[in-house]
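Peer 1: this one's sequence-less:
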């Protein structure tokens, strides 16, 4: 007899992630933005001065997709492309001061989402969930590394 989808770990992980994406999409749209633009802002906050190609790799999208996202954010005045001081052909991405209020909203949204997601879950269970997910992530990264080495 097949396992119930409600108890299937892969389906549960997928559904939780899907619901989180849908919720974030709705909130971002309320600000006239997209979740993808939020992701770009957060990465640029964490890694100021990265290139579009580096950002595309982090976000796991094609460079042309990042270029379009950055174009929109630049038009909004929250991101700027600056020439690299060592290589004028390269441009580095930076947030402008106008990004700060948007990032405050994103951070508040993330805190609220974390509260909603973890409501009713005991702190010791959350710690076990985090540890278990970290192990799963490591397992997948090790598998990816092993596959690359086998080629």
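Peer 2: Arrived safely. Note that the structure is a prediction, hence the values are computed from the model and not measured. Residues are numbered from 1 along each chain as shown.

Peer 1: where exactly do the helices run in the protein?
Peer 2: 9-30, 35-46, 52-59, 63-75, 99-118, 123-150 (DSSP state H).

Peer 1: could those be laid out in TSV, adding distance to residue 93, mean pLDDT and mean neighbour count?
Peer 2: Backbone N, C-alpha and C define where each C-beta goes, glycine included. Compiled in TSV, those are given as follows (distance: least, CB to CB, whole Å; pLDDT from 0 to 100; neighbours: other CB atoms under 10 Å):
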stretch	distance to residue 93	mean pLDDT	mean neighbour count
helix 9-30	19	94	13
helix 35-46	6	97	18
helix 52-59	6	94	16
helix 63-75	6	96	16
helix 99-118	11	96	13
helix 123-150	26	87	10
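
Peer 1: Tell me how the protein divides into domains.
Peer 2: 9-119, 121-151 (automatic domain parsing).

Peer 1: Using CSV, please lay out the helices of the chain together with distance to residue 81.
Peer 2: Listed next are the helices of the chain as CSV, based on distance: least, CB to CB, whole Å:
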stretch, distance to residue 81
helix 9-30, 22
helix 35-46, 11
helix 52-59, 8
helix 63-75, 7
helix 99-118, 14
helix 123-150, 31
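
Peer 1: ok, now which ones touch the nearest residue to residue 72 once chain neighbours are set aside?
Peer 2: Nearest-residue entry for residue 72: residue 37, 6.6 Å, with adjacent residues in sequence omitted and distances by CB to CB, 6 or more residues apart in numbering. Neighbouring residues of residue 37 by CB atoms under 8 Å, 6 or more residues apart in numbering: 28, 69, 72, 73.

Peer 1: so which of these comes closest to residue 62?
Peer 2: residue 69 (10.9 Å; CB to CB).

Peer 1: Which residues are in contact with the closest one?
Peer 2: Contacts of residue 69 by CB under 8 Å, 6+ apart are 34, 36, 37, 40.

Peer 1: Now for the nearest residue to it once chain neighbours are set aside: which residues touch it?
Peer 2: In this structure, residue 69 finds its nearest non-sequential neighbour in residue 40, 5.2 Å apart by CB to CB, 6+ apart. If a contact means CB under 8 Å, 6+ apart, then residue 40 has 55, 59, 66, 69, 70, 73, 79 as its contacts.

Peer 1: Check the gap between the first one and residue 64 for me.
Peer 2: As defined by CB to CB, to the nearest Å, residue 55 lies at a distance of 12 Å from residue 64.
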